[in-house]
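> the following comprises the amino acid sequence and a computationally predicted model.
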Amino acid sequence: MEKRNFKKELKNLYRPSSRNVEFVDVPQMNFLQIDGQGDPDTSKKFQHAIEVLYPLSYTLKFMVKKGELGIDYGVLPLEGLWWADDLAAFTANDRDHWKWTLMIMQPEFISKKMVETAIEEVERKKNPLALSSVRFETFNEGRAAQIMHIGPFSEEGPTVEKVHSFIEENGRQRKGKHHEVYLSDIRRAAPENLKTIIRQPVS
């Protein structure tokens, strides 16, 4: 059976430095995605999104492993795009107005038909509340600056500023949405041990 380690294959995307901000070219990839709004600590929709994305991703993994492809691979980490209609919502920490897209990258051999089959399987077994909200889409981020943040989400501010300063110092401009990749399981890891990639696309 073929084994694939996508974190290793894409180590420039999933294993960045925790000391220095670096530019990276993010290729076009496919994701399971769910949109929402609200405080990630209290929003039921945020929790419901997680309860859909992981079961679907693991169902797809085992479909591939046991099916004709016969490929064994590790499920990729949870990722989040963050924004607000009024950016003051971030500076004021007005989390109720934060908007987000939670997503998990899917390997290139995962097809729309396979996702439809996985959705039917998850619906039959668990039928999570947000299942009807999930979509399978291509995301093309392109050039971005990124660094690894280690510690609580509440202490990300200086790391984010470091990324923004790096972009400006290199004559670039920010574009698109603030992007985070959660290498740690946010449901279980202690806040001080969280490993989060902070990524900002640039023009």
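Received the coordinates, thanks.

> ok, Asn30 - how many residues close by?
Here the count is done by other C-beta atoms under 10 Å, and Asn30 has 19 residues near it. From N, CA and C alone the C-beta is placed, and that goes for glycine too.

> show me the domain layout of this protein.
Following automatic domain parsing, one finds the domains of the chain at 16-26+142-203, 29-139.

> now the longest helix along the chain: buried residues?
For the chain, the helix that runs over the most residues, judged by DSSP state H, is helix 44-66. Within helix 44-66, the residues scored as buried using 16 or more other C-beta atoms under 10 Å are 45-46, 48-50, 52-57, 59-61, 63-64.

> got the domains of the chain as CSV, with mean pLDDT and distance to Arg4 columns?
What follows is the domains of the chain, written out as CSV (pLDDT from 0 to 100; distance: least, C-beta to C-beta, whole Å):
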stretch, mean pLDDT, distance to Arg4
domain 16-26+142-203, 93, 18
domain 29-139, 91, 4
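
> looking at those domains, which is closest to Lys8?
Counting by C-beta to C-beta, Lys8 lies closest to domain 29-139 out of the domains of the chain; the figure is 9.5 Å.

> end-to-end on that closest one?
One end of domain 29-139 to the other measures 6 Å (C-alpha to C-alpha, to the nearest Å).

> from here on, call the first residue 374.
All right, first residue 374 from here; so that's domain 402-512.

> any idea which residue is closest to the centre of this protein?
Central residue check for the chain by C-alpha atoms, centre = their mean: the C-alpha nearest the mean position is that of Glu452, 1.1 Å away.

> so what's the gap between the longest helix of the chain and the chain middle?
Relative to the chain's own centre, helix 417-439 is displaced by 13 Å; criterion: C-alpha atoms, centre = their mean, to the nearest Å.

> what of stretch 469-481?
5 Å.

> CA atoms of it as CSV?
Included here for stretch 469-481 are C-alpha records, laid out as CSV according to Å, rounded to 0.1, in the frame of the first residue of the first chain:
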residue,chain,number,x,y,z
ASP,A,469,-19.3,38.5,17.7
HIS,A,470,-18.6,40.2,14.3
TRP,A,471,-15.7,38.1,13.3
LYS,A,472,-16.3,36.1,10.1
TRP,A,473,-14.5,32.8,9.3
THR,A,474,-14.1,29.9,7.0
LEU,A,475,-13.0,26.7,8.6
MET,A,476,-11.4,24.2,6.2
ILE,A,477,-9.3,21.0,5.8
MET,A,478,-7.2,20.5,2.7
GLN,A,479,-7.9,17.3,0.6
PRO,A,480,-5.3,15.5,-1.5
GLU,A,481,-5.4,16.0,-5.3
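
> any buried residues in it, and which?
Neighbour counts over stretch 469-481 (16+ other C-beta under 10 Å) mark Trp471, Trp473, Thr474, Leu475, Met476, Ile477, Met478, Gln479, Pro480 as buried.
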